[in-house]
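**Q** Here's my sequence, what's the structure:
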Amino acid sequence: MIYVFEAMGTVVSIEPPLRVSDLERVFADLNARFSLYRPESELSRIADGSLRMTDASAELRDAYARALEWRSLTGGAFTPHRPDGVIDLSGIVKALAMDAAGALLANVDDWILNAGGDVLTSGQSATVGIVDPFDRAQILTSVRLGGSRRAVATSGSAERGDHIWGRGGFVQVTVVADDIVTADVLATAIASGGVETLNASTTAWDVDVLAIDPAGNLFATPGFTASIAAAAASLTN
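**A** Sure thing, here's the model as predicted:
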């Protein structure tokens, strides 16, 4: 049985239904604080100058600090700023909500949290489909999660281009990692930074990556290829 709700402009599901009220509250609270589509949110008030960062909540300042750290770690490929200088944390907030939701379920076995196609599990085996960026009605391939590989995130201009600004990289990037924040941030960074950031990220972090360029060429790390094979085997058994 799956429980489904809407949050942060996307569909979120938890299977099986566990602590659903708490999970809804986690997503709603972060959206209320960080959404630039809500003029009363803290981030909107910082953007319009009615609230100084030094007077913002500890939660907002901590999230901004984490985003700035990721900007440094990725050589600027991931950024919490729009081209006009406005602070925009949409590239990390959903992952932070999923991470917080996962913490609520830390002592529960066998669950799968899906937020707009990004997936976090308790560590059990799970097969996750990846949408074709050139035909959103089709599944391009599937990957297998399990063990320490608990998270998968996909980013790109076809799905969430409003938070990707950069040098022009990949159309879509999927990252499999041990945690959802790393997966989501690096997916965004590689989509922005292209091959250079792909190479740097797979050297610096233990992640598996599938990237697709505008011509439809696929770039897959060995670990990702193995995960595709594992997913295929699970579907035929």
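**Q** okay, now N114: neighbour count?
**A** Other residues near N114 come to 21 when the count uses other C-beta atoms under 10 Å. Where you see a C-beta, it was placed from the backbone N, CA and C, and this is true even at glycine.
**Q** Strands along the protein, start to end?
**A** 3-7, 10-15, 112-115, 118-121, 126-132, 135-145, 151-156, 172-177, 208-212, 218-220 (DSSP state E).
**Q** how about these, which one is nearest T188?
**A** strand 151-156 (4.5 Å; C-beta to C-beta).
**Q** got the angle for the closest one vs strand 135-145?
**A** 150 degrees (axes from the mean of the first three to the mean of the last three C-alpha atoms, to 10 degrees).
**Q** Give me the distance from strand 151-156 to the chain's centre.
**A** 5 Å (C-alpha atoms, centre = their mean, to the nearest Å).
**Q** Numbering from 40 from now on, please.
**A** Right, with 40 as the first residue, what we last looked at is strand 190-195.
**Q** List the contacts of it.
**A** With C-beta atoms under 8 Å, 6 or more residues apart in numbering as the test, strand 190-195 has contacts from 130, 134, 156-160, 167, 169-170, 172, 182, 184, 203, 209-219, 221-223, 226-227, 229-230, 251.
**Q** picking that back up, any chance of the strands of the chain in a markdown table, with mean pLDDT and distance to S266 too?
**A** Formatted as a markdown table, those follow (pLDDT from 0 to 100; distance: least, C-beta to C-beta, whole Å):
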| stretch | mean pLDDT | distance to S266 |
| --- | --- | --- |
| strand 42-46 | 97 | 26 |
| strand 49-54 | 97 | 20 |
| strand 151-154 | 98 | 16 |
| strand 157-160 | 98 | 13 |
| strand 165-171 | 95 | 9 |
| strand 174-184 | 94 | 4 |
| strand 190-195 | 95 | 9 |
| strand 211-216 | 98 | 6 |
| strand 247-251 | 97 | 6 |
| strand 257-259 | 95 | 9 |
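**Q** so where is this protein shaky, pLDDT-wise?
**A** Residues of the chain meeting the criterion pLDDT under 70: 196-207, 276.
**Q** circling back to that earlier point, format the strands of the chain as JSON lines; extra columns: distance to T113.
**A** Shown next, in JSON lines, are the strands of the chain (distance: least, C-beta to C-beta, whole Å):
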{"stretch": "strand 42-46", "distance to T113": "26"}
{"stretch": "strand 49-54", "distance to T113": "24"}
{"stretch": "strand 151-154", "distance to T113": "22"}
{"stretch": "strand 157-160", "distance to T113": "18"}
{"stretch": "strand 165-171", "distance to T113": "22"}
{"stretch": "strand 174-184", "distance to T113": "22"}
{"stretch": "strand 190-195", "distance to T113": "13"}
{"stretch": "strand 211-216", "distance to T113": "12"}
{"stretch": "strand 247-251", "distance to T113": "13"}
{"stretch": "strand 257-259", "distance to T113": "17"}
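**Q** What count of nearby residues applies to A176?
**A** A176, neighbours per other C-beta under 10 Å, totals 6.
**Q** typo on my end, it should be A145
**A** So A145, with other C-beta under 10 Å, has 7 neighbours.
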